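A.B. asks: here is my input, please return the structure:
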Amino acid sequence: MKTRHLNSWLLLADLLWSLVALLLAYLLRYGATWNARERFSSHELLPFVGATWIVWTLLSSWMSLDGFREGWRFPAVASRVFIAVTCLMGLLLAGAYLVQQYVSRLALAYFGLLLFSGFILVRYGVRSVIRAWYQADKVRRVVIVGGGHIGNELAIKIRRHPEMLCKVIGFLQPEDNTVETDLTSSAPYSPAMTVSTLGILKLLQDQRVDELILALSRPTLPELLNLVALCRQQGIGVSLVPQPYELYLSKPALLDLGGLPLLRFQETSTSPLFAF
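C.D. replies: Numbering: from 1, shown residues only. Here you go, the predicted model:
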C-alpha cells in the first residue's frame with residue numbers, strides 16, 4: 001500500500017465515522033424513540049455532516065492528521081487530533097449561531113467526544129494492521145547503499161515511518177571499485193566483506209531484497225552503476241537520495257529539457273493575498 005493510498009483510506013474512515021458518530025450522538029441525546037419535533041431537529045443536523053466532511057478534509061490535509069507523516073508517536077497523534085476536533089466543533093457552533101439554527105448542545109458535545117475517540121481508534125486500528133504486516137514479513141526488504149550519517153539517518157527515518165511498509169535488512173558501502181556489504185542486521189552500518197558486483201547481486205537475490213536505496217555523495221562509481229543496471233534487470237527497485245539532500249528540502253521544480261532533467265531551486269515567496 002502506498003502512503004497516499006493509506007492517507008486516502010484514513011480520511012475515508014474518518015468521514016464514515018463522523019456519520020456514525022452523529023447517529024450515536026442523537027441516540028445518546030434522545031434515546032431510541034423520538035417524537036415528531038425531535039425527528040425534525042435531527043434532519044436539521046444533517047448539514048452539519050456535510051460541513052464536518054468539508055472542514056475535516058481540509059484539516060487533514062493541512063495538519064497531517066494521518067498520524068504517520070512525522071513518525072508514529074501517540075502524544076503527537078492525540079494532540080493533533082484533539083486540536084483538529086476542537087477547531088471543527090468551534091466552526092460548527094459558530095456556523096450554527098450565524099445561520100440561527102438550533103442544535104442540541106448536548107448532542108453536539110456527544111458528537112465531539114465520539115469524533116475524537118473514534119478518530120484515535122481508527123488510527124490505532126491502522127497501526128495494528130501495519131504492525132501485523134511487519135510481523136508476517138509482508139513488507140518490502142530494503143538495502144541501503146552508503147553508510148555514515150546519511151545512511152544511518154535514512155534507516156532511522158524508515159523505522160519511524162511504518163506506513164512505508166519497508167524494512168532495512170542491511171547496508172552496502174562502496175570502496176574504490178569494490179563494494180563492502182553487511183546484510184546481516186538493520187543496525188547502523190559496520191563494514192563486513194568485499195565482494196564483486198555479481199556476488200552482491202546473488203546475495204541480494206538470496207536475501208529476497210525488493211529495493212536498493214542509494215544514499216551516497218558519489219553514486220556514479222562504475223561498479224555501482226553496473227550493480228544498479230543489473231538490479232533493474234532482475235526486478236529489484238532502485239531509489240536515490242539526491243546529494244546534497246539539504247537542497248531538496250525546499251521542494252524544487254523538476255524541468256525536462258529534451259530528456260535532460262533540470263532541478264530549479266528558488267526561494268518561496270509569500271503571495272500578497274496570503275500576507276493580507
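A.B. asks: in stretch 98-110, which residues are buried?
C.D. replies: 103-104, 107-108, 110 (16 or more other C-beta atoms under 10 Å). Where C-beta positions appear, they are placed from N, C-alpha and C, glycine not excepted.
A.B. asks: ok, which pair from the residues you listed is furthest apart?
C.D. replies: The two members of the buried residues of stretch 98-110 with the most space between them (C-beta to C-beta) are Val103 and Tyr110, at 11.7 Å.
A.B. asks: contact partners of stretch 115-129?
C.D. replies: Applying C-beta atoms under 8 Å, 6 or more residues apart in numbering, the set of residues contacting stretch 115-129 from outside is 6, 9-10, 13-14, 17-18, 20-21, 65-67, 72, 77-78, 81-82, 85, 88-89, 162.
A.B. asks: report all helices and strands that the longest strand belonging to the chain contacts.
C.D. replies: What stands out as the longest strand in the chain, according to DSSP state E, is strand 166-175. Counting contacts by 3 or more C-beta pairs under 8 Å, 6 or more residues apart in numbering; DSSP states H and E, strand 166-175 is packed against strand 140-145, helix 148-160, strand 178-182.
A.B. asks: need those in CSV with mean neighbour count and mean pLDDT, can you?
C.D. replies: Output for the helices and strands packed on strand 166-175, formatted as CSV (neighbours: other C-beta atoms under 10 Å; pLDDT from 0 to 100):
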stretch, mean neighbour count, mean pLDDT
strand 140-145, 21, 88
helix 148-160, 16, 83
strand 178-182, 19, 53
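A.B. asks: against which helices or strands is the helix or strand hosting Arg80 packed?
C.D. replies: Assigning secondary structure by DSSP states H and E places Arg80 in helix 74-98. If contacts are counted by 3+ C-beta pairs under 8 Å, 6+ apart, helix 74-98 sits against helix 46-63, helix 105-135.
A.B. asks: for the first one, give the mean pLDDT please.
C.D. replies: For helix 46-63, mean pLDDT rounds to 86.
A.B. asks: give me the contact list for it.
C.D. replies: Under C-beta under 8 Å, 6+ apart, the answer for helix 46-63 is 7, 10-11, 14-15, 18-19, 22, 65-66, 80, 83-84, 87-88, 91-92, 95-96, 101, 103, 111.
A.B. asks: filter those residues down to the buried ones and hand me the PyMOL line.
C.D. replies: Of the contacts of helix 46-63, the buried ones go into a single PyMOL selection, burial set by 16+ other C-beta under 10 Å:
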select buried, resi 7+10+11+14+18+22+65+66+80+84+88+92+96+103+111
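A.B. asks: about what we covered before: CSV for the helices and strands packed on helix 74-98, including distance to Pro242?
C.D. replies: As requested, the helices and strands packed on helix 74-98 are exported to CSV (distance: least, C-beta to C-beta, whole Å):
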stretch, distance to Pro242
helix 46-63, 26
helix 105-135, 28
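A.B. asks: now tabulate the buried residues of stretch 98-110 in JSON lines and tack on pLDDT and distance to Val143.
C.D. replies: Putting these into JSON lines (pLDDT from 0 to 100; distance: C-beta to C-beta, whole Å) gives the following:
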{"residue": "Val103", "pLDDT": "70", "distance to Val143": "56"}
{"residue": "Ser104", "pLDDT": "75", "distance to Val143": "58"}
{"residue": "Ala107", "pLDDT": "82", "distance to Val143": "55"}
{"residue": "Leu108", "pLDDT": "84", "distance to Val143": "52"}
{"residue": "Tyr110", "pLDDT": "90", "distance to Val143": "51"}
